[in-house]
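In: let's see this in three dimensions:
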Amino acid sequence: MYSPESEYEFDKDLAVRLRTFEQPAPSYLRRWALPHVVILLVTALVLQWLLFNKPNRYFNPEVLHISLILGFLGIWRFGWWFTHSVRAAYWGNLVWPGMRQKADDLWAAGWRPKRLHVQMTTYYEEPSITKRVIGSMLGQVRREGIPTTIYIGTGSPYDENIIRDFVETYAQDIPDELAKLVFVRQNQPGKRMAIGLILRAMCREEVDPDDLVIFMDGDALYGGDVLQKCLPMFAADPELGALTTDEEVICYGPDWIARWLDMRFAQRRLAMQSHALAGRVLTLTGRMSVFRAQHILTREFIRNIEADHLDHWLWGRFRFLSGDDKSSWYRLLSGGVKMTYVPDATVYTIEVIKENGMARMVQNFRRWSGNMLRNGARAIALGPRRMPFFIWWCVVDQRIAMWTMMVSPIMAVLASFIQPGYFWNCIIWVVFSRVVLSLFLFGYSRKADMSWPFILYLNQVINASVKIYMIFHLSKQKWSNRGNQSAGGGTSLMDRLRNGFALFQLFTALGVFLTAIMSYMGMLENPFF
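Out: Numbers count the residues shown, from 1 in each chain. Down below sits the predicted model:
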């Protein structure tokens with residue numbers, strides 16, 4: 001992928017990409033470019049050729065019991081996707097339009113929040129990105145005329161000087177009573193501490209419980225009318241405590257990483273709309289979320305952000321490095337606070353990937369999966385009475401899926417030793433099923449990309465593998481941002497013993513998992529029967 005070398009080239013290229021994203025999404029059929037139509041047709045022809053020229057071994061007596069398990073898992077996972085798709089379509093077409101209309105009517109009638117507070121952290125960000133982010137924010141504050149205080153958490157004068165110079169040059173026409181800029185220099189490392197210091201600074205001001213607070217990252221660019229589309233949602237629904245927005249990704253890095261991120265965000269849109277039907281979401285993303293002040297300007301919430309931790313029987317008490325968005329989500333979830341998703345308010349995430357693409361992919365999975373697993377266990381412990389049952393089951397399903405995802409590829413490979421050629425039948429199913437799933441996902445993207453069926457399967461296998469590793473290494477954390485933080489990698493005798501026992505647990509679990517599969521398949525004698 002093209003990566004501009006100078007700040008001027010970067011800013012120019014970014015402006016071109018943003019103009020493309022700001023155009024309305026094309027209709028479903030117009031999302032297909034000719035090369036991808038050709039790939040779809042070729043894929044369909046290859047699948048058809050395999051169906052007619054490879055024997056159907058699914059119902060062979062030697063492997064019928066294997067086909068039944070694979071079929072059951074396939075129906076279950078497909079059924080789960082179908083459930084999300086139906087819920088997302090219902091919410092998007094029947095529920096959301098009414099929510100949007102009510103919020104728009106209030107905005108048109110003149111409703112505005114008394115004051116808006118913005119919490120943003122940045123750490124040695126690309127200057128072009130920082131300027132774009134601040135410019136997009138101030139531009140909407142100026143247009144909407146909402147009194148706003150912008151708190152920026154920094155770790156050094158570097159980002160402060162860039163922001164100060166930009167504001168003094170391009171925002172001189174904004175009066176101080178409309179927009180106030182506050183720098184909060186952190187005195188302890190980590191994004192969590194920066195957020196905690198900002199929230200404490202807010203508490204020292206006269207913040208009304210119904211004031212609105214935006215949480216955002218230093219690489220999150222406002223799309224058009226984000227404030228207008230998000231803020232009146234709180235006036236339209238007095239019970240609403242928090243919301244998060246749509247995201248698009250602008251990636252400077254390997255092309256396949258950009259395609260993978262596009263696919264991930266399409267999955268996110270489908271899932272978010274399904275979750276929103278229950279009045280909750282599964283994450284309040286740190287890129288851009290809005291909160292009612294009364295829910296977050298409390299000592300309990302601030303300490304949860306600053307020092308969220310887990311007490312584990314093996315790892316003891318360890319603090320979380322990243323995942324502040326998961327911590328805020330858990331705190332609101334445990335309090336029964338209503339949350340929603342705004343699909344037509346877009347924030348642009350700018351990813352600059354300079355390291356190895358595969359290493360970055362695995363690192364992201366380790367961070368995302370670790371945050372999900374650390375918070376998922378305690379969310380499940382709240383029980384379905386503390387939240388809608390569907391949301392509770394979604395969290396449970398995340399933990400089940402990492403194991404069921406690995407059953408199919410393992411059985412497919414092992415079954416080929418029992419019935420040679422069975423692997424080809426499984427390949428047909430994998431390709432066909434991922435093409436069908438991708439056809440659904442294209443409805444939540446700006447373009448159809450026939451690399452997605454293959455990236456989707458790779459994504460599922462790697463994600464499941466990383467989750468299985470991480471569930472036994474919950475204390476291990478690595479975050480390349482904000483000073484390249486890491487945890488859980490100590491070299492003391494106790495650390496080595498803990499890591500050794502964690503590996504023992506991992507290999508024992510994998511051994512039991514593989515033994516159970518092979519016993520069911522008849523490749524090992526079952527000593528119990």
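In: what number of residues lie near the residue nearest to Thr130 when sequence neighbours are not counted?
Out: Spatial nearest neighbour of Thr130, excluding adjacent residues (CB to CB, 6 or more residues apart in numbering): Ile162 at 5.1 Å. Where you see a C-beta, it was placed from the backbone N, CA and C, and this is true even at glycine. Number of residues near Ile162 (other CB atoms under 10 Å) recorded here: 20.
In: ok, Ile162 - contacts?
Out: 127, 130-131 (CB atoms under 8 Å, 6 or more residues apart in numbering).
In: same check on Ala179?
Out: Applying CB under 8 Å, 6+ apart, the residues near Ala179 are 138, 141-142, 147-150, 171.
In: could you measure from it over to Arg143?
Out: 12 Å (CB to CB, to the nearest Å).
In: go on, Gly522?
Out: Taking CB to CB, one finds Gly522 at 69 Å from Arg143.
In: re earlier: from the contacts of Ile162, which land in helices?
Out: 127, 130-131 (DSSP state H).
In: and those residues as a markdown table, adding pLDDT, neighbour count and distance to Gly223?
Out: Shown next, in a markdown table, are the ones in helices among the contacts of Ile162 (pLDDT from 0 to 100; neighbours: other CB atoms under 10 Å; distance: CB to CB, whole Å):
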| residue | pLDDT | neighbour count | distance to Gly223 |
| --- | --- | --- | --- |
| Pro127 | 87 | 18 | 21 |
| Thr130 | 90 | 21 | 17 |
| Lys131 | 90 | 20 | 17 |
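In: dump those to JSON lines, plus distance to Gly218.
Out: Listed next are the ones in helices among the contacts of Ile162 as JSON lines, based on distance: CB to CB, whole Å:
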{"residue": "Pro127", "distance to Gly218": "11"}
{"residue": "Thr130", "distance to Gly218": "6"}
{"residue": "Lys131", "distance to Gly218": "11"}
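In: quick one: contacts of stretch 125-133?
Out: Outside stretch 125-133, the residues touching it (CB under 8 Å, 6+ apart) are 7, 10-11, 14, 120, 122, 159, 162-163, 166, 218-222, 350, 352.
In: meant to ask about stretch 236-244
Out: 99, 102-103, 106, 230, 233-234, 272, 281, 283-285, 288-292, 295, 328, 332, 337-342.
In: and that stretch, how far out from the chain middle?
Out: With CA atoms, centre = their mean, to the nearest Å as the basis, stretch 236-244 stands 20 Å off its chain's centre.
In: sort out which residues of that stretch are buried, please.
Out: Neighbour-count burial for stretch 236-244 flags 236-237, 240-244 (criterion: 16 or more other CB atoms under 10 Å).
In: mind listing which of the residues you listed are in strands?
Out: 240-244 (DSSP state E).
In: before we move on, the earlier item: next one: the residue nearest to Thr130 from Tyr124, what distance?
Out: 10 Å.
In: elements contacting the longest strand seen in the chain?
Out: Secondary structure of the chain per DSSP E: the longest strand is strand 338-352. If contacts are counted by 3 or more CB pairs under 8 Å, 6 or more residues apart in numbering; DSSP states H and E, strand 338-352 sits against helix 7-22, helix 96-108, helix 127-144, strand 220-222, helix 226-230, strand 240-252, helix 255-276, helix 324-334.
In: if we use 7 Å, what do you get?
Out: Secondary-structure packing of strand 338-352 (3 or more CB pairs under 7 Å, 6 or more residues apart in numbering; DSSP states H and E): strand 220-222, helix 226-230, strand 240-252, helix 255-276.
In: winner for burial among the ones you listed?
Out: strand 220-222 (a mean of 25; mean count of other CB atoms under 10 Å).
In: ok, it: who's next to it in the sheet?
Out: strand 338-352 (antiparallel) (DSSP bridges).
In: give the next helix or strand downstream of the strand it pairs with.
Out: helix 357-382 (DSSP states H and E).
In: which residues touch stretch 67-80?
Out: The contact list for stretch 67-80, computed with CB atoms under 7 Å, 6 or more residues apart in numbering, reads 58-59, 397, 404, 407-408, 411, 433.
In: put the alpha carbons of it into CSV.
Out: Taking Å, rounded to 0.1, in the frame of the first residue of the first chain, the C-alpha atoms of stretch 67-80 are listed here in CSV:
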residue,chain,number,x,y,z
SER,A,67,-20.0,-35.1,9.2
LEU,A,68,-22.8,-35.0,11.8
ILE,A,69,-20.6,-33.0,14.3
LEU,A,70,-19.3,-30.7,11.5
GLY,A,71,-22.8,-30.2,10.3
PHE,A,72,-24.1,-29.4,13.7
LEU,A,73,-21.3,-26.9,14.4
GLY,A,74,-21.9,-25.4,10.9
ILE,A,75,-25.7,-25.0,11.5
TRP,A,76,-25.0,-23.5,14.9
ARG,A,77,-22.5,-20.9,13.7
PHE,A,78,-24.5,-20.1,10.6
GLY,A,79,-27.6,-19.8,12.7
TRP,A,80,-25.9,-17.4,15.0
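In: pull the distance from that stretch to the chain's centre.
Out: Centre-to-centre, stretch 67-80 and its host chain are 25 Å apart (CA atoms, centre = their mean).
In: if you count neighbours, what's buried in it?
Out: 67, 70, 77.
In: show only the entries of those residues found in helices.
Out: 67, 70, 77.
In: export the residues you listed to a markdown table and tack on pLDDT and distance to Gly253?
Out: Shown next, in a markdown table, are those (pLDDT from 0 to 100; distance: CB to CB, whole Å):
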| residue | pLDDT | distance to Gly253 |
| --- | --- | --- |
| Ser67 | 91 | 41 |
| Leu70 | 91 | 36 |
| Arg77 | 89 | 30 |
